[in-house]
Structure formats: C-alpha cells, structure tokens
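[1] Test case, fold it:
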Amino acid sequence: MRYHFSGVAGAGMNPLACLMRARGHPVQGSDRSLDQGKNPELVARLRGLGIELHPHDGTAVTHAIHRFVYSAAVEADTPEMRAARALGLPCVSRPELLAEVVNAGGPGVAIAGTSGKSTIVGMVGWLLREAGVPATVLGGAALVGEGSGGCFVAGPAAGPVVAEACESDGTLPGYRPALGLVHNISRDHGELDALRPQFTAFAESCGRLLVNAACPEAAALLRRFKPLTYGAAPDAEARLQVTRTGPGRATGVLGFEFREVPLDVPQPGLHNLENAAAAALVALELGLDAVAVEDLLARFPGVARRFEVVGTTTGGIRVVDDYAHNGQKIRAAVSTAQAGAPRVVALFQPHGFGPARFLRHELRALLPGLLRPEDRFCYAEIFYAGGTVAKDISSRTLAEDLPAAMRCGYAPDYDAARRWVVSEARAGDTVLIMGARDPELPRLARAVLASVRR
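    This next block holds a predicted model:
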C-alpha cells in the first residue's frame, strides 16, 4: 500500500514512515517545516530510505494513496486534509497506526506516562539492539549522535515492538499491548481529571502492567489492576534504591525477584535513574539477563535533547539542550542542572500558543520557588509552527507574570535569546536551553556555545 504522511517531520511521525518503508510499502510525505527549509538532516535521512517528500500544499494527495496518515499537530482544514477527505481516502491518525503496530507485536510493549517516555524507549531500544535482540522500536527522540529524527529500529514484523503511547491526543485506549508501563501521570496536555480515564482504559487493555509506585497519582489510580510496581518507593515490588543522582551520573540498585541489578547511568538526575529502572524491567521481561542490562546501561549514550550536554567551554560554562516543555519536565531539568552548577542560566521557549496559555499559571507559581536567587531565567518567544492558531499571548506576558526581583528576561527571536545568554553566563555556569517541537533549538544551543566560548 502507498502511504502518505502529512506532517512527516514530526518526532512521532517520521519513525512510523520509516517503518512502513522498511516493511516494503511505498511511502511519501510532507511537512510545513520542510517547506521552510528546516530539518535538512531529517530530509536527507528520509530520502535516503526512499521516502518521497512533497510540498505541504495538497498537490501530492491523489487517488494513488491507499492510507493517508496525519499528525494530531496538523489542523483539520489544511489543504492536505481537505484533499484527502474530498478524495475519500482512508484517513488514519498517527496514534491509530502506531497502536496497530504495537498490538500486532510479538509481544507489543507500550510505554505510557506524561514524562520520561522517550528516554525509557531509547534505553530499551539501546539494550535490545546492543544485546542483539531483533525488535522494532519507535520513540520520539533518537539516541545522541544518531540524527535529529525520532528513535527508530526496524525489526521483524512478527517480533517484539516497543513504542511510546502518548496521552496528548486522547488515544491511549486504542492500545492493547501484551506489556504496558505507566511511568507517571501529571498535568500535561490536559488536566488530571481528563487524563485519568485515558490511563485507566489503557491499564484495562494491558496483558501485564508495570506502574511506577513513586508516582502517587499513577499508583493510586491503577492499584486495582494489581500491577507490578517499581521505583523509589518503600512499597514497590521492584524497589529502586538511590545512591547518587549527580552531578555527572546517576547510580542505584534495582531489587527484583530476589536479585539486585546495579544501575549506573551516564546521565544525571533522579528522573533518569527512574527511567533506567523502568527500562531495565522491560528489558528483563523481554528476556535480557541482568548482567547485560547492567553493563549496557552503563554505556547508554543518552537521548537527543534530554539533558544533552552540547559542550563545555574552557572557562567551565556548560551548555545543555533539553526538551522540557511542561512543569514537571522543567522542574526535573532545572533541578538536575542546579545539582551540577552553582548558577543556572535557563532559557525556555513555550512550544505553542495553546501550551503557553495552559502552562501560564503553573509556571508563574513554579518558577519563583524552583530557581535560586543566583539563577537567571528568560522566556523566548512562543514557537509558531504555522497554521491557524490564536496568537493571543506572548512570552513577554509570561515574563511579566514573574516577580520583578527575578529580573526575568524576554527574547523576541533567536539572536536575542543568544545575546541574553551571552550577557548573563559566566565561568562555572550551566546554560540550559529548554523547549519542544522547534527544530531550530538544537542549532540555537550550538550557537550559544560558540558565543560563550569567545
């Protein structure tokens, strides 16, 4: 069948496009960001796999397409969506197609939760690949050094499938995995009252369920499903004992079924140790032995834009690129940076006008208590991906929400953001660039590093 992926550059879309191509289907796609000349590395990768790329204007949508796959980030009235409906093409959302792939896995593994999914999937993918276990892996972020797209490993059609199951578009109930994991549940993309029914339906559909006991919301909501619990909680069946969370690495021991699995993760932060505990359990469930898990996690390269150290200057200024985009993720990234530096210079770009409105009051309450008096913080202007959205809020407003004593910065564009960091950073600081969706943020982080080296 010929597939068309509308929004093919998305972190969740391009791995699926690559998988369909790897399974022998003709694949084509389009994306507004590609029309704007962004993501050149991804363009080269997709074309190298034989995926045709077209303008995102509807002209490529024809009767030759058997399945039209669309991203939830694409509006319902784009030229492509209108053309697909006019032609009567079978339209499949990205999560629906992903659920098909997971549900057909042997076994299918779905990693859910409002934070940590991409890192856990990346860790599991690394463990399986390095251990020589053929499996399909689909995640939202590639491993460090392996490109700018999502995580993608093509395995046999009848083999194991490990993938992220995201709550952002309300599609968690579509998954029926043999093994499901819920790492946490917090306010993200929606209020808790809206998220709880989704995670409950997901839990009901799992053959076997793993739940992080250290997340009170997840543990309380899903207790009735009698899951295997894990994490840094006294009552967890697979208990994580934390020995160190930084500043360079995170270490601990996972006790499970009368054995202990030492965890030594090259990425700092309690959240990364918790991610490693979840990944280790999934790998053990898929047949890896504990010695292999211990050895391979100690060499895990990390996931792109998840506290990724871009570089450190001779003066000791460390520049970190991170995908943090909600309250819990921002807290984790900033706290991890604070553990390794006497002073943090943080820049955050909201990833859309809707998310900015959703996060406004939460960040106004969070940031004054999270940041130390010596830390500095700046809002970059809201990322606009194109399309019809209400531009009724600005990062300038978000900056003005914070107490005057914080001296919160505001950067209307990338160059202003770079100049703000250069004006604030000094020897020994960690510079933290945070934000989601915008493919230019990694380039901004590299530009910041080049500037503070001067």
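
[2] Near Thr59, how many other residues are there?
    For Thr59, the tally of surrounding residues (other Cβ atoms under 10 Å) stands at 12. From N, CA and C alone the C-beta is placed, and that goes for glycine too.

[3] just the one 5 residues further on next, same as before
    For Ala64, the count of nearby residues is 11 (other Cβ under 10 Å).

[4] I'd assumed it was in a helix, is it?
    No - in this structure, Ala64 is coil, not part of a helix, as judged by DSSP: H, G, I helix; E, B strand; the rest coil.

[5] what sits against the residue nearest to it when sequence neighbours are not counted?
    Ranked by Cβ to Cβ, 6 or more residues apart in numbering and with sequence neighbours excluded, the top spatial neighbour of Ala64 is Arg2, at 5.8 Å. Counting by Cβ atoms under 8 Å, 6 or more residues apart in numbering, Arg2 makes contact with His25, Pro26, Val27, Gln28, Ala64, Ile65, His66, Arg67.

[6] please redo it, this time with the cut-off set to 6 Å
    Pro26, Ala64, Ile65, His66 (Cβ atoms under 6 Å, 6 or more residues apart in numbering).

[7] got the contact list for stretch 300-310?
    Contacts of stretch 300-310 (Cβ under 6 Å, 6+ apart): 118-119, 122-123, 126, 141-144, 266-267, 319-323, 336, 445, 449.

[8] Need the residues that contact the helix ranked longest in the chain.
    When every helix of the chain is counted residue by residue (DSSP state H), the longest turns out to be helix 353-370. If you take Cβ under 6 Å, 6+ apart as the criterion, helix 353-370 is touched by Gly327, Arg331, Val334, Pro350, Ile382, Val389, Lys391, Ile393, Asp401, Pro403.

[9] Let me see the backbone angles for the residue nearest to Ala64.
    phi -90, psi 130 (degrees, to the nearest 10).

[10] where does this protein have low pLDDT?
    Within the chain, the stretches with pLDDT under 70 are 148, 188-189.

[11] Domains in it, by residue range?
    3-89, 96-297, 308-453 (automatic domain parsing).

[12] Compute the first-to-last residue distance for the shortest one.
    The reference is to domain 3-89. Domain 3-89 stretches 11 Å from its first residue to its last (Cα to Cα, to the nearest Å).

[13] likewise the second one?
    By Cα to Cα, the extent of domain 96-297 from end to end equals 31 Å.

[14] any idea which of the domains of the chain is most buried?
    Among the domains of the chain, domain 96-297 has the highest mean neighbour count (mean count of other Cβ atoms under 10 Å), at a mean of 20.

[15] For Ala356, which non-adjacent residue is closest in space?
    Closest residue to Ala356 apart from its sequence neighbours, by Cβ to Cβ, 6+ apart: Pro350 at 3.9 Å.

[16] oh sorry, the question was meant for Glu96
    Closest to Glu96 by Cβ to Cβ, 6+ apart is Gly174, at 6.2 Å.

[17] What of Thr171?
    Pro95 (3.7 Å).

[18] Quick check: that neighbour vs Ala110, distance?
    11 Å (Cβ to Cβ, to the nearest Å).

[19] how close does the closest residue to Pro26 other than its chain neighbours get to Thr388?
    Closest residue to Pro26 apart from its sequence neighbours, by Cβ to Cβ, 6+ apart: Arg2 at 4.4 Å. Arg2 sits at a distance of 29 Å from Thr388 (criterion: Cβ to Cβ).

[20] Spatially central residue in this structure, please.
    Ser118 (4.4 Å; Cα atoms, centre = their mean).

[21] now that we're looking at that residue, how far away is Phe225 from it?
    Look at Ser118 and Phe225: by Cβ to Cβ, they are 24 Å apart.

[22] my guess is Gly140 meets Ser118, correct?
    Yes - proximity of Gly140 to Ser118 meets the contact threshold set by Cβ atoms under 6 Å, at 4.3 Å.

[23] if we look at the host helix or strand of Val345, which residues are touching it?
    Per DSSP states H and E, Val345 falls inside strand 344-349. Outside strand 344-349, the residues that touch it by Cβ under 6 Å, 6+ apart are 337-338, 375-378, 380, 383, 417, 424-425, 429-435.

[24] and the angle for that strand with helix 353-370?
    160 degrees (axes from the mean of the first three to the mean of the last three Cα atoms, to 10 degrees).

[25] so how far is strand 344-349 from its chain's centroid?
    Remark: strand 344-349 is offset 18 Å from the chain centroid, using Cα atoms, centre = their mean, to the nearest Å.

[26] Just the CA atoms of it, as CSV, please.
    Presented in CSV, the C-alpha positions along strand 344-349 are these (Å, rounded to 0.1, in the frame of the first residue of the first chain):
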residue,chain,number,x,y,z
VAL,A,344,22.0,28.1,36.2
VAL,A,345,21.2,30.4,33.2
ALA,A,346,17.9,29.0,31.8
LEU,A,347,16.1,29.9,28.6
PHE,A,348,12.6,28.4,27.9
GLN,A,349,10.6,28.6,24.7
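
[27] strand partners of that strand, parallel vs antiparallel please.
    strand 376-380 (parallel), strand 430-435 (parallel) (DSSP bridges).

[28] To Ala219, which of these lies closest?
    For Ala219, the closest of the strands paired with strand 344-349 is strand 430-435, at 27.9 Å, according to Cβ to Cβ.

[29] Next secondary structure after that closest one?
    Counting by DSSP H and E, what follows strand 430-435 is helix 441-453.

[30] elements contacting that following helix?
    strand 308-312, strand 318-322, helix 414-424 (3 or more Cβ pairs under 6 Å, 6 or more residues apart in numbering; DSSP states H and E).
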